[in-house]
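A.B. asks: quick check, what structure comes out for this input:
(chains A and B)
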Amino acid sequence: MAVASLVAIVDDDESVRESLPDLVREFGFEVQAFASAEEFLASDFVEQTRALLLDIAMPRMSGPELQQELTHRGHKIPIVFITANGDDAIRPRMLAEGAVECLHKPFSETALLRALNAALRVG
Amino acid sequence: MEASLASLVDELGEAALRKSERESRLIVDSIPGLVATLTPAGEVDAVNSKILGYCGRTLEELKQWGTSDTVHPDDLPRVIEVIRQSMTSGDPYEIEQRIRRFDGVYRWFQVRGLPLRDSNGRIVRWYVLLTDIDDRKRAEAQLAGEKRLLEMVASSCPLTDVLTALCTFVEVISADCHCGVYLIDWSGPRFRNGAVPSLPATFNDRTDGLPVCLEIGPCGQAALLKQQVIVTDLETDPVWQESAIRPLALAHGIRSHWSTPIYARDGRVLGTFAIFHREPARPTRVQQDLIAQVTHIASIAIERVLSEAALDKLRSELAHVTRVMSLGALTASIAHEVNQPLSGIITNASTCLRMLNADPPNVDGARETARRTIRDGNRASEVIARLRALFSKKEFTLESVDLNEATREVTALSLSDLQRNRVMLQFELADDLPAVRGDRVQLQQVILNLLRNASDAMAGVDDRPRQLMIRTERDAGDRVRLTVKDAGEGFDSHTVDRLFEAFYTTKPSGMGIGLSVSRSIIESHHGRIWAEPNDGPGATFAFAIPCAVERTV
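C.D. replies: The predicted structure follows:
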């Protein structure tokens, strides 16, 4: 049996870290959740991560900054951004910066699954 | 005056009774005033030499006063009527009338007639004393005119109406001239016709929009050099041969052109007041006084309109800010706050369904996610309740406000903004903070504004934590103080006085509204708002307002 792909979630919002991993696990993926970009970078899971669900606005290092840092370190992890900001201009900007998808909260499970599958195909 | 006239009549009466014509004429001529005698029927009998000199007419000519222009035509019917009545009744009379001087100028006189009676009580003559009251009359008319103009200003008449009335006023008082008020739009800089009521459009159309420069004419020089410019004769004055105004003025028969700057209270030039004559002319002292008075009134009228325009601008900017804030940043905040729990609800509900559909169903997991769904639902409704509390009141309402609570509500709404700007918010809210009395929504606008400013000031800061401290505490004199301290760019100490002025801003996209509005809100709460640079980087803004007074029965 193939080892399930690891999806990492980085979001400073505790309720997201509480609810989202369960759903992603229900999809059949392995999940690890982190409260900050720094915590994720310091963890042992960076190498194994196949897809990253990443919050855009966080205190200290932001989502896009983590994206840059990962590129800088040579990790090519496909990224799905999630944001509670309703600004329509954000998604095209994130896609232009190399993200696989950018989901505006609240998003449906179908949208999430489609985005994760797209990310895993890239990776 | 009364005594001297009475004693004069006595003296003249004695001479008349002695039938000494020569004697009475000598007496009349010795009087320093203007004196005449009338027959009982009201015909001119004799006049003293002062009257002959003043009028420049012979006695024979003066006897025809009832049909000549000696008395001003506007006054003549009234004068004839008053004298006729007095001749009939025998009562003394007194009347104010204009009398023509030798050079054609009419001056105002107070004319008083007293009857001289013989021993039988019959009137034998009327003695008439004429007193020159032209200066007084002019001063009265001027005062009344100025009062009327100021009333127009005070009652918010349109500026054009006030300036037109002002020009007409001067044209009436100082005869044979044309007046104009030219406003200056310093962005050009260009002249704008404020009011030029008595010159034709062929003249006015050409002056409107002329550039404000020295070469243009006396008004340009008056405005730029901030001094009165008197051109006695435009045709011959060598200085103005090349000026733009000269051919235009001469084509309209204008020879002399005086221009006086109209100053604002702070010394800026608002415009110029011009007087044109069709003959070469220099201002008299009286005219200079008049010019000084009307330019002063014009400056009040113009400044009032400008300050009203500034107020209107402030109001519309404010409405704009409110709109932009509520539609833009504020809806973004609201969307963010509402989307978070909504997202949780959908995620948890999806998970819950999946757990129940599994084989075998994961009931414990489903129960846990359902519980989270409810919690997120409650969280969303709390956000809505907070918003409703914040925006339900529109009118200024006085209530007891807990500044700590008000602060927490505002920061809860700005949290996403602050977070996006990576601002670290730190609270030091005093536990024993007394309530203040005021409008909660307005006070929250002030707090929100201080938070935004602090956050914006730290947007470019990368070499130190973007720390924002918000503190509440008791202040001296039964006041409550709220302080917002940032680690941003700070401000120059010499700009501190300007920070709270409207339209002053250091932000590239700012409008300079927030702090001036904040100040007016705090002042309406009988409080004070101020700013000071920190010892380290950044600035501290604070306000203090009085505590709510406990009502004792």
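A.B. asks: going forward, measure contacts and count neighbours with C-alpha atoms only.
C.D. replies: Will do.
A.B. asks: what pLDDT does the model give the nearest residue to B:Leu429 once chain neighbours are set aside?
C.D. replies: Excluding the flanking residues, the one nearest B:Leu429 by Cα to Cα, 6 or more residues apart in numbering or on different chains is B:Thr472, at 4.8 Å. As predicted, B:Thr472 sits at a pLDDT of 95.
A.B. asks: bridging across strands, which residues link to B:Thr472?
C.D. replies: B:Leu429, B:Leu482 (DSSP bridges).
A.B. asks: so who does it touch?
C.D. replies: By Cα atoms under 8 Å, 6 or more residues apart in numbering or on different chains, the residues touching B:Thr472 are B:Leu403, B:Asn404, B:Glu428, B:Leu429, B:Ala430, B:Leu433, B:Val480, B:Arg481, B:Leu482, B:Thr483.
A.B. asks: could you find the closest non-adjacent residue to whatever residue of chain A ends up closest to chain B?
C.D. replies: Closest to chain B within chain A is A:Pro106: 3.9 Å, counting by Cα to the nearest Cα. For A:Pro106, ignoring the flanking residues on the chain, the nearest one in space by Cα to Cα, 6+ apart is B:Ser343 at 3.9 Å.
A.B. asks: so where's the stretch 401-550 of chain B uncertain?
C.D. replies: For the stretch 401-550 of chain B, applying pLDDT under 70 flags the ranges B:494, B:497-498, B:501-514, B:550.
A.B. asks: between the contacts of B:Thr472, which is nearest chain A?
C.D. replies: B:Glu428 (20.2 Å).
A.B. asks: now the helices: where do they sit in chain A?
C.D. replies: Applying DSSP state H to chain A gives helices spanning A:14-27, A:37-42, A:63-72, A:90-96, A:109-122.
A.B. asks: quick one, which of these is packed in tightest?
C.D. replies: Using mean count of other Cα atoms under 10 Å in any protein chain shown, the stretch among the helices of chain A with the greatest mean number of neighbours is helix A:14-27 (a mean of 19).
A.B. asks: show me what that one packs onto, helices and strands only.
C.D. replies: strand A:6-10, strand A:30-34, helix B:329-357 (3 or more Cα pairs under 8 Å, 6 or more residues apart in numbering or on different chains; DSSP states H and E).
A.B. asks: where does A:Phe29 land on pLDDT?
C.D. replies: Looking at A:Phe29, its pLDDT reads 94.
A.B. asks: thought it was touching A:Ile9?
C.D. replies: No - using Cα atoms under 8 Å, A:Phe29 is not in contact with A:Ile9; the gap is 11.9 Å.
A.B. asks: looking at the two, which one has more neighbours?
C.D. replies: A:Ile9 (28 against 18; other Cα atoms under 10 Å in any protein chain shown).
A.B. asks: which SS class is B:Leu143?
C.D. replies: Following DSSP: H, G, I helix; E, B strand; the rest coil, B:Leu143 is assigned to helix.
A.B. asks: what pLDDT does residue 3 get?
C.D. replies: By default, I'm working from chain A. For A:Val3, the predicted pLDDT is 67.
A.B. asks: to clarify, I was referring to chain B.
C.D. replies: Looking at B:Ala3, its pLDDT is 49.
A.B. asks: on that earlier part again, so of the helices and strands packed on helix A:14-27, which one's packed in deepest?
C.D. replies: strand A:6-10 (a mean of 25).
A.B. asks: what pairs with that one, parallel or antiparallel?
C.D. replies: strand A:30-34 (parallel), strand A:49-55 (parallel).
A.B. asks: where does the stretch 251-400 of chain B have low pLDDT?
C.D. replies: If you take pLDDT under 70 as the line, the stretch 251-400 of chain B has these spans: B:313-334, B:386-397.
A.B. asks: could you do chain A as well?
C.D. replies: In chain A (pLDDT under 70), the answer is A:1-3, A:123.
A.B. asks: so who does residue 53 touch?
C.D. replies: Looking at chain A here, since you left the chain open. A:Leu53 touches A:Val7, A:Ala8, A:Ile9, A:Val10, A:Ile79, A:Val80, A:Phe81, A:Ile82, counting by Cα under 8 Å, 6+ apart.
A.B. asks: that's the wrong chain, I meant chain B
C.D. replies: B:Phe102.
A.B. asks: what's the answer for B:Ser493, then?
C.D. replies: B:Glu532, B:Pro533.
A.B. asks: what about the residue nearest in space to the middle of chain A, distance to A:Gly63?
C.D. replies: Closest residue to the average C-alpha location of chain A: A:Leu53 at 1.3 Å, with Cα atoms, centre = their mean. Using Cα to Cα, to the nearest Å, we find A:Leu53 at a distance of 10 Å from A:Gly63.
A.B. asks: now the common contact residues for those two.
C.D. replies: Joint contacts of A:Leu53 and A:Gly63 (Cα under 8 Å, 6+ apart) are A:Phe81.
A.B. asks: how close does A:His104 sit to B:Ala335?
C.D. replies: Separation of A:His104 from B:Ala335 (Cα to Cα): 11 Å.
A.B. asks: now do the shared contacts for the two.
C.D. replies: With Cα under 8 Å, 6+ apart, A:His104 and B:Ala335 have common neighbours A:Ala84, A:Asn85, A:Gly86.
A.B. asks: those also near chain B: which ones?
C.D. replies: Applying Cα under 8 Å from any Cα of the partner chain, the subset of these adjacent to chain B comprises A:Ala84, A:Asn85, A:Gly86.
A.B. asks: confirm for me that the last one is in contact with B:Ala335.
C.D. replies: Going back to what we said before, that points to A:Gly86. Yes - here A:Gly86 reaches B:Ala335: they are 6.4 Å apart, a contact under Cα under 8 Å.
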